[in-house]
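**Student:** No letters, just coordinates:
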């Protein structure tokens, strides 16, 4: 099997939302993103200085959610430096927005919260790779301990101006129906590598030598149904690769496995749905 290009990464996340003005205000005022494009039914957001879109909010009139489904566990915004994480934490505390947690994972420090429609959010910074626990087979061991909040706040400038230049979607964490089938899809077909497993209930998968671009878990139960198209939550996410040859390589693997997909945008974007009913697009980074 040919692995996906090691520079592949998550590009952006699209969310189906019920209250577009409320969600836009939250992601601007609380998270610190800027509006880049806007219509009556969709708002695209990124950070202040970059033109890259990190998040799309797409208005839907949803049916009432009656059961757990597959979909987004959290979207994770990766900040360039520890001081940026300090500024975000300082800002969240200043506006008194409730936090769901703050953890040190060995390879990163992260704070967690939830948006007004229940989508999980992680804001994190990576530690230098020199301190990551990397095994001889390339697996990267993570931990979950309390984050040194005082240390993080100690590096804050106290002048939060939104998400800084260089902020990206570092990873997405998905609620899935079947860990094994999900691993097979993202490893064997997309071409990523398994980086770590947590107590047979979560797996972390990445391109290259990153700790994870895609987290997967079954913490809400096994064999969950997919999120209906008219229910708010994750619409799709994108994986960006350096060249058209990289998307073609994935297409060949999907073809060989007789796994359905389609080409979009003049055959430059590969659209596919994973075994959990989660939609993703693979496209060349611009």
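**Tutor:** Arrived safely, thanks for sending. Only a predicted model underlies this, so the values are computations on that prediction, with no experimental measurement involved.
**Student:** for the stretch 1-150 of the chain, what spans make up the helices?
**Tutor:** In the stretch 1-150 of the chain, the helices defined using DSSP state H, counting those that start in this stretch lie at 20-26, 82-94, 149-154.
**Student:** so what does the first one touch, helix or strand wise?
**Tutor:** Packing contacts for helix 20-26, counted by 3 or more CB pairs under 8 Å, 6 or more residues apart in numbering; DSSP states H and E, involve strand 42-46, strand 55-59. Placement of C-beta: from N, CA and C, glycine included.
**Student:** Report the rounded mean pLDDT for that helix.
**Tutor:** Averaged across helix 20-26, pLDDT comes to 98.
**Student:** From residue 128, how far out is residue 153?
**Tutor:** Look at residue 153 and residue 128: by CB to CB, to the nearest Å, they are 20 Å apart.
**Student:** who's more crowded, these two?
**Tutor:** residue 153 (15 against 7; other CB atoms under 10 Å).
**Student:** Need the pLDDT of the closest residue to that one other than its chain neighbours.
**Tutor:** Distances taken as CB to CB, 6 or more residues apart in numbering place residue 86 nearest to residue 153, at 5.3 Å, with adjacent residues excluded. Residue 86 is assigned 99 on the pLDDT scale.
**Student:** Could you measure from residue 86 over to residue 113?
**Tutor:** Note on residue 86: its distance to residue 113, by CB to CB, is 16 Å.
**Student:** higher neighbour count, the two?
**Tutor:** Neighbours were counted for residue 86 and for residue 113 using other CB under 10 Å; residue 86 has more, 23 against 19.
**Student:** Surely residue 52 touches residue 45?
**Tutor:** No. Using CB atoms under 8 Å, residue 52 is not in contact with residue 45, being 10.3 Å away.
**Student:** Comparing these two, which residue is more hemmed in?
**Tutor:** Higher neighbour count among residue 52 and residue 45: residue 45, with 23 against 15, using other CB under 10 Å.
**Student:** The residue nearest to residue 153: what's it in contact with?
**Tutor:** By CB atoms under 8 Å, 6 or more residues apart in numbering, the contact set of residue 86 is 152, 153, 154, 155, 156, 157.
**Student:** which among these gets closest to residue 207?
**Tutor:** The shortest approach to residue 207 among the contacts of residue 86 belongs to residue 152, at 27.5 Å (CB to CB).
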